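[1] Coordinates only, no sequence provided:
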């Protein structure tokens, strides 16, 4: 039996943190991750706003399983395994749509939009033991949501979602609270693949260290628009934050404007007042400090294992699924307040296009970087990746603490320890002293 | 693909068709040769380049998420990035080859609206998968020359899948 304990060297006293590169290449580890992480944790499915009206549905794969979610006539969002309880055919065969009744095309069994089996052709042909009431569409073992973010788990014994989210809750609040009337997912999604291991995308998403060297052309573009980019030199010196259970956030000072609520000349004079009013509203509701945290500081939030929310010049929700040790399928959406004025929404979407997404000025280079790592592993002779940056001090955003936190939890799951302490000892000791 | 009826069967339509076809082929040749500055010069000053997402081919960049929505400022910046050795996704540059067919032309209130099918092959780091879709070029005659006012590349693929990015100009 393969032993995961040889995959990570975590020796704070010696200042060593290394990950064995087979963690990114081994089919055996890939299978183990499916079983010990993706079959055990809470996994992001959708945002509540994606099915607005009764009968609206969308289908989506979660950890390779076909699911769909639908708002019932009773107004409740439900999630079902996308398979007929009769002989297995997919029930929902459009990516999205609207239905009061879902009929399986194979033998025409019909289900209402709350999942009940309501029609079986020639039902009399079944024995007396056949019970229609028990043959409704089946949900995954657990479905829970927090502030509109809907998660599922294939582990019936998983802890409650709010417990699982640990310190990440506060950061989801920070995002959800930006909207007066709730957030919504904007139509249009980015779907693309990356030929790399999924954990490399986790690393890249939380890594402040790569931003300046990798995204040079992005900053050149930003500068060409008349934005002062000198702040980038110090933007990543905020404390690194580990949120428990593998969740982490990389926060940095924003240099650009954002619709909520930081005006910059690119927004135009005509929107200055509106943004100031939004900001004043945040201060009124949450106080100066939280409003500043919301509006001036950008963050990449990882909800372990594979949901990333980039709350920055726009709000990108990105989920990524491992399909093979060296293949990831990514889907990304834009989140915006339901009440956002058309001019500000247009500016938000434009912000997204400059950095994020497969046509942006930065994300393609991240894809290139992690594909390049995956390609480099084929050289084999270098066995370990080095992740000790900042381990000797109270780590900052451009250190690798967030990455270590992820890896520690990953190791905890793979070796059967469950949730483990993910922070660096330096920070834990300081916290203990403060108590 | 939307209907684009032929511009009639008289001689002028034939001349226009020849000019439009030549224009599209020349544009493809410039892009395949990475002569991107010359390609930029094909646009009007208010030119635009749009690539909608694969799941929303009618996406409106004002209210929907798209892949690319460039005005000339950003398109120029995109070209600068593609020419830079720091534009990592395209450094070293891909080899590309564009095939354009099914060209249909409609003249609409002074604008020449051309739809066509494209296959754009991109070869790099062992990859060779094509982008498949259709173009809509809104062309304008300026001083006897055709210029692009609006260029839309709509992908037929269900997802960008193996491409990972739209890092070349489609």
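    Looks like it came in fine. Just so it is clear, the model here is predicted, and its values are computed rather than measured. Numbers count the residues shown, from 1 in each chain, chains lettered A, B, ... in the order given.
[2] Name the spans of chain B whose pLDDT lies under the cut-off.
    Where chain B drops to pLDDT under 70, the residues are B:1-10.
[3] for chain A, what are the nearby residues on chain B?
    Remark: the part of chain B in contact with chain A comprises B:51-56, B:59, B:61-69, B:73-74, B:77-78, B:80-81, B:84, B:86-90, B:125, B:158-167, using Cβ under 8 Å from any Cβ of the partner chain. Every C-beta, even on glycine, is put in place using the N, C-alpha and C of the backbone.
[4] what about residue B:49, neighbour count?
    Burial of residue B:49, expressed as a neighbour count using other Cβ atoms under 10 Å in any protein chain shown, amounts to 21.
[5] does residue A:67 sit in a helix or strand, and which one?
    If you go by DSSP states H and E, residue A:67 is part of strand A:65-71.
[6] Quick one: end-to-end distance for stretch A:292-305.
    Criterion Cα to Cα, to the nearest Å; first-to-last residue distance in stretch A:292-305 is 28 Å.
[7] Partner strands of the helix or strand encompassing residue A:308 and their direction?
    Taking DSSP H and E as the criterion, the element that holds residue A:308 is strand A:307-311. Partner strands and pairing direction for strand A:307-311 (DSSP bridges) are strand A:297-303 (antiparallel), strand A:315-324 (antiparallel).
[8] same question for the shortest one, mean pLDDT?
    What that stands for is strand A:297-303. Strand A:297-303 shows an average pLDDT of 96 in the prediction.
[9] Contacts for that strand next, please.
    Identification of contacts with strand A:297-303 by Cβ atoms under 8 Å, 6 or more residues apart in numbering or on different chains yields A:44, A:165, A:168, A:171-172, A:174-175, A:202, A:205-206, A:238, A:246-254, A:258, A:308-313, A:402, A:406.
[10] hmm, 7 Å instead?
    Contacts with strand A:297-303, where a contact means Cβ atoms under 7 Å, 6 or more residues apart in numbering or on different chains, come from A:44, A:165, A:168, A:171, A:202, A:205-206, A:247-254, A:308-312, A:406.
[11] how close does residue A:162 get to chain B?
    29 Å (Cβ to the nearest Cβ, to the nearest Å).
[12] immediately after the host helix or strand of that residue, which helix or strand?
    Secondary structure assigned from DSSP H and E places residue A:162 in helix A:161-165. Reading on from helix A:161-165 to the C-terminus, the next helix or strand found by DSSP H and E is helix A:168-176.
[13] Counting by contacts, list what that following helix packs against.
    Under the contact definition 3 or more Cβ pairs under 7 Å, 6 or more residues apart in numbering or on different chains; DSSP states H and E, helix A:168-176 sits against strand A:297-303.
[14] Find the nearest non-adjacent residue to residue 21, please.
    Let's take chain A. Once flanking residues are discounted, residue A:21 sits nearest to residue A:377: 5.0 Å by Cβ to Cβ, 6 or more residues apart in numbering or on different chains.
[15] that answer is for a different chain, and I need it for chain B
    That would be residue B:103: by Cβ to Cβ, 6+ apart, it lies 6.0 Å from residue B:21.
[16] and the one you found, what does it touch?
    Contacts for residue B:103 were tallied using Cβ under 7 Å, 6+ apart; they are B:20-21, B:24, B:114, B:116.
[17] For it, grab phi and psi.
    In terms of degrees, to the nearest 10, the main-chain angles of residue B:103 are phi -80, psi 130.
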